[in-house]
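[1] any chance you could fold what I've pasted below:
(chains A and B)
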Amino acid sequence: MFLYVLSRIARALITVALIITLAFVILRMTGDPATIILGPDAPPEAYEAFRRNWGLDQPLFIQYLSYFAAILKGDLGQSMRDGRAALDVVMERVPLTLLLTVPALLFNLVIGITAGIFAALNRNSWIDRAIMTASVTGFTVPSFVMGLVLALIFAVKLKVLPSGGSETWQHTILPSVTMGLIGAAIIARFTRSAMLEVLGQPYIRTASAKGLNWTDVVIQHALPNAAIPTLTIIGFMIGSLVAGAVVVESIFSWPGVGRLLVGAVANRDLAVVQVILILIGFTMVLANLIVDLAYGVIDPRLRHSTPAK
Amino acid sequence: MAIADETRSPSGTASVFTAKSRASAFFEAWPPVILLAIFWIVAMLVLIAFGNFFAPQSYTAMDLQARLSEPVFMGGTFSHVLGTDELGRDVLSRLIASIRISLTIAFLATLVSACFGVLLGFFAAFARGRVEQAILMLIDAQAAMPFMIIALAVLAFLGNSLPLFTILLGFYGWERIARIARGLAIAAQEQGYAAAVRDLGASPLRVYGRHILPNIASTLLISMTLNFPEVILLETSLSFLGLGVQPPETSLGAMVGYGRDYIQSAPWIMLAPAAIIVLTTLCISLIGDWLRDKLDPTLGK
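    Numbering: from 1, shown residues only, chains lettered A, B, ... in the order given. Modelled structure (predicted):
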């Protein structure tokens, strides 16, 4: 178990380093930041001063190391719009995004897993078909269409919910439901196939042949085994929630990290974009690490085996 | 009960002795939903190829006299079948132009991602050892990061242009193709035919390009089909946010994006392209799933 945990943590650290490297590569290799930020018409002295200020006259490798060191110290530069520390600009938006994504995640796990299990247990019945049709539709409807259609129905036609803003708790409903519905479609489909795979296994037949009633077979033998592949998708889910938040926050004028990112990209506020990139990378790696460790807890086979390659 | 279904032979394979009408045999091989999906995709292809014949007007032609006029089925006139937008441009003409741009970008991007993925996957299978580990680590890092965020970061740093945007989208999904290509190539290179050609002195380029690639092409093609709708969703999302295809060009996502300001007064501007996006991605996904089940039941999602 100890080795397993250690190897997972080492892997997570390497991935974080890779993401920071990616941010550096995108930042430095894809063009001269001086021209991008100052524009092509700036006087040569301005370029010179800019390069000196940001250490761009140093060799690339030194730049890379100092970039790494600065990030470890928590120094991620200033927002080019208002001169405040980019980290602060981003961090003050984080709670607002969590206010949408956490309920959305719970919503899509509860609805998605229940629907998936239900569909698998009633395979080929009309329940299964209905759930799968809803799931495929949810899969192919982009979040901005889903969000706008919900806004059209509940805000424009029925006038029961606000269409944008962040003043009251009612404002969280449409955005979280939009993200939740799309996630639920993905989870339902995945849970169903995991469940069907498990139900076809010999040990299920054995359990039911030895006279266990079907409910106990499902609860004791099928569900824990189907939970293992479903866990994997949760790490992936968090990624799609983050991407979904970018679109959904923009639709519903929600002042979270996603909308900040869209604004920063449009204004080319590079420091803010880079902080968000690293923050999301870090979140994803952490989420995947937790999922990996949860595997070890759920699946005893992994705990005792040697670390996987 | 589920077990009973599992133990019997799959219900799809009917016995040879079953008398079956030709029509039912045909629809078993080609389910009606799939036929409809194929029909839709063919219609889209025709629009891409000959869109200009169908477009009543130029997609940038403005008619400020006829701003926000309704489509025919909402009480409008036949001069603008699907109505007009906030600048009096014909929604149908814009829709056709958008379909052409969006689907062409998605197609090119899928092609780029397949080439890149196959190349890296084969290289990993060929080199093994450290190189393979490095490629696998790159695949894991890519899979850990939502691509949309990376795409936004790149757009922030590089600015936007149509070719750049297409190439950027071409990086979407490469890691899945690379993983599949590597797995298949490792399995294929152990087989007799690959060893035989290698022993005859063929270069690795020839072994992989002429012999292994054709043998695993069907599986790769299916994973491309499954990648394609996701690229459409990504492109339309970015264009919706105003960070993808830039005016005067138009895309399905950009149309929805501009249309959302008129969601109350003129919902048709936004609903028409939204419906096209949903139907097209749905049809391609259905065809992809169907192909996968038909050609290669072992390929899991």
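[2] give me the most central residue, chain A.
    Geometric centre of chain A, nearest residue: A:Gly239, 2.1 Å, by C-alpha atoms, centre = their mean.
[3] what sits against the closest residue to it other than its chain neighbours?
    Nearest residue to A:Gly239, sequence neighbours excluded (C-beta to C-beta, 6 or more residues apart in numbering or on different chains): B:Pro146, at 4.1 Å. For every residue, glycine as well, the C-beta is placed using N, CA and C. Contacts for B:Pro146 (C-beta atoms under 8 Å, 6 or more residues apart in numbering or on different chains) come out as A:Gly239, A:Ser240, A:Val242, A:Ala243, A:Ile280, A:Met284.
[4] then the first one would be within a strand, right?
    This means A:Gly239. No - secondary structure assignment (DSSP: H, G, I helix; E, B strand; the rest coil) places A:Gly239 in helix, not in a strand.
[5] contacting residues around it?
    A:Gly239 touches A:Met284, B:Ala144, B:Met145, B:Pro146, counting by C-beta under 8 Å, 6+ apart.
[6] rewinding a little: need the contacts of B:Pro146 in CSV (columns: pLDDT).
    Shown next, in CSV, are the contacts of B:Pro146 (pLDDT from 0 to 100):
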residue, pLDDT
A:Gly239, 81
A:Ser240, 82
A:Val242, 85
A:Ala243, 85
A:Ile280, 87
A:Met284, 85
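[7] next SSE downstream of the worst-scoring helix or strand of chain A on mean pLDDT?
    Within chain A, no helix or strand scores below helix A:33-38, which has a mean of 63 by mean pLDDT, DSSP states H and E. Using DSSP states H and E, the helix or strand that follows helix A:33-38 in sequence is helix A:44-53.
[8] and the helix or strand just after that following helix with chain B, contact?
    For helix A:44-53, the succeeding helix or strand toward the C-terminus, using DSSP H and E, is helix A:60-72. No - judged by C-beta under 8 Å from any C-beta of the partner chain, helix A:60-72 makes no contact with chain B; its nearest approach is 14.6 Å.
[9] show the subsequent helix or strand relative to helix A:60-72.
    Following helix A:60-72 in sequence, per DSSP H and E, is helix A:86-91.
[10] show the average pLDDT along the helix or strand just after that next one.
    Once the chain leaves helix A:86-91, the next helix or strand it forms, by DSSP H and E, is helix A:94-121. What helix A:94-121 shows for mean pLDDT is 89.
[11] in helix A:94-121, what counts as buried?
    A:96-97, A:99-101, A:103-105, A:107-109, A:111-113, A:115-121 (16 or more other C-beta atoms under 10 Å in any protein chain shown).
[12] pick out the most distant pair among the contacts of B:Pro146.
    Maximum pairwise distance in the contacts of B:Pro146, criterion C-beta to C-beta, is 12.0 Å, between A:Ser240 and A:Ile280.
[13] who has more neighbours out of those two?
    Just comparing A:Ser240 and A:Ile280: by other C-beta atoms under 10 Å in any protein chain shown the higher neighbour count belongs to A:Ile280, 26 against 18.
[14] low-confidence stretches in chain B?
    B:1-20, B:66-67, B:72, B:74-78, B:296-301 (pLDDT under 70).
[15] the residue most central in space within it and B:Leu119, how far apart?
    Centrality entry for chain B: nearest residue to the mean C-alpha point is B:Phe228, 1.6 Å, by C-alpha atoms, centre = their mean. According to C-beta to C-beta, to the nearest Å, B:Phe228 and B:Leu119 sit 19 Å apart.
[16] what does B:Phe240 give?
    From B:Phe240 to B:Leu119 the distance is 31 Å (C-beta to C-beta).
[17] looking at those two, which has the bigger crowd around it?
    When B:Phe240 and B:Leu119 are compared for neighbours, B:Phe240 comes out ahead with 32 against 15, by other C-beta under 10 Å.
[18] ranges for the helices of chain B?
    Here chain B has its helices, by DSSP state H, at B:2-7, B:22-29, B:32-54, B:91-127, B:129-144, B:147-158, B:162-169, B:174-189, B:192-199, B:204-206, B:213-240, B:252-259, B:268-295.
[19] at the contact with chain A, which residues of the stretch 201-301 of chain B appear?
    Near chain A, when you scan the stretch 201-301 of chain B using C-beta under 8 Å from any C-beta, you find B:229, B:233, B:236-237, B:240-243, B:253, B:256-257, B:260, B:263-264, B:267, B:270, B:274, B:277-278, B:281-282, B:285-286, B:300-301.
[20] and the stretch 201-309 of chain A, which residues reach chain B?
    With C-beta under 8 Å from any C-beta as the criterion, the stretch 201-309 of chain A meets chain B at residues A:204-205, A:208, A:214, A:235-236, A:239-240, A:242-243, A:246-247, A:250-251, A:261-262, A:264-266, A:268-270, A:273-274, A:276-277, A:280-281, A:284-285, A:288.
[21] now do the stretch 51-200 of chain A
    So far as C-beta under 8 Å from any C-beta goes, the stretch 51-200 of chain A lies against chain B at A:120-121, A:123-124, A:136-137, A:139-145, A:148-149, A:151-152, A:156, A:190, A:193, A:196, A:199-200.
[22] in ChimeraX, select just the buried ones from the residues you listed.
    Restricted to buried positions by 16+ other C-beta under 10 Å, the ChimeraX selection for those reads:
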select /A:120,121,123,136,139,140,141,142,143,144,145,148,149,151,152,190,193,196,199
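[23] quick revisit: and the residue nearest to the centre of chain A, how far from B:Phe147?
    A:Gly239 is 9 Å from B:Phe147, by C-beta to C-beta.
[24] next one: A:Thr230
    Taking C-beta to C-beta, one finds A:Thr230 at 22 Å from B:Phe147.
[25] and if you look at B:Ile96?
    Counting by C-beta to C-beta, the gap from B:Ile96 to B:Phe147 is 29 Å.
[26] swap in B:Ile186?
    B:Ile186 sits 26 Å away from B:Phe147, going by C-beta to C-beta.
[27] excluding chain neighbours, what is closest to B:Asn215?
    B:Ala188 (5.8 Å).
[28] next, count neighbours for the one you found.
    Counted with other C-beta under 10 Å, B:Ala188 comes out at 19.
[29] helices of the stretch 151-300 of chain A, start to end?
    For the stretch 151-300 of chain A, applying DSSP state H, counting those that start in this stretch gives helices covering A:170-199, A:202-209, A:214-216, A:223-251, A:257-267, A:270-298, A:300-304.
[30] any chance of CSV for those helices, columns distance to A:Lys73?
    Output for these, formatted as CSV (distance: least, C-beta to C-beta, whole Å):
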stretch, distance to A:Lys73
helix A:170-199, 34
helix A:202-209, 53
helix A:214-216, 56
helix A:223-251, 26
helix A:257-267, 22
helix A:270-298, 13
helix A:300-304, 37
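[31] count the neighbours of B:Gly259 for me.
    23.
[32] circling back: B:Ile186 and B:Phe147: which has the busier surroundings?
    Neighbours per residue, other C-beta under 10 Å: of B:Ile186 and B:Phe147, the larger number sits with B:Phe147, 21 against 16.
[33] neighbours of A:Met91, how many?
    Using other C-beta under 10 Å, A:Met91 has 13 other residues around it.
[34] no further questions, thank you.
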